[in-house]
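**Q** Below is the structure, and that's it, no one-letter string:
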């Protein structure tokens, strides 16, 4: 049996559910990415959710939530976990979209 998965490599609101637990698996790296009409350095973190490896690229506000919980050195984030809240936001062109807001699980 082959179990298909077309959810993509990035963790997002379409392949994650409210209250699921995510584990950070590596310190990440910055990648230059097109965001709307601009290019921006985005942090790509390795994560695991439901035994599947994904990449999580938090927006600035969501990244700050993680920094406030665990500090700015992402090496200290490895092994840390957060739960997911799915929130609506207004994207480019006024389109309503959904994104993941992390809720750090503190030791």
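**A** Everything's here; your move. Keep in mind it's a predicted model, so treat the numbers as computed, not measured.
**Q** How about the secondary structure of residue 89?
**A** Using DSSP: H, G, I helix; E, B strand; the rest coil as the criterion, the local structure at residue 89 reads strand.
**Q** List the residues that contact it.
**A** Applying CB atoms under 8 Å, 6 or more residues apart in numbering, we find residue 89 in contact with 96, 97, 98, 99. All C-beta atoms are positioned from the backbone trio N, CA, C, and that covers glycine.
**Q** pLDDT score for the residue nearest the centre of the chain?
**A** What sits nearest the mean C-alpha location of the chain, by CA atoms, centre = their mean, is residue 56, with 3.2 Å. The per-residue pLDDT reported for residue 56 equals 98.
**Q** was I right about it contacting residue 22?
**A** Yes. The pair residue 56 / residue 22 is scored as a contact, 6.9 Å apart, by CB atoms under 8 Å.
**Q** anything in contact with each of those two?
**A** Listed as contacting both residue 56 and residue 22 by CB under 8 Å, 6+ apart are 11, 47.
**Q** Now the residue lying closest to residue 76 once chain neighbours are set aside. Its backbone dihedrals?
**A** Distance criterion CB to CB, 6 or more residues apart in numbering; nearest residue to residue 76, sequence neighbours excluded, is residue 70 at 5.5 Å. Reported as degrees, to the nearest 10, the phi and psi values for residue 70 are phi -130, psi 0.
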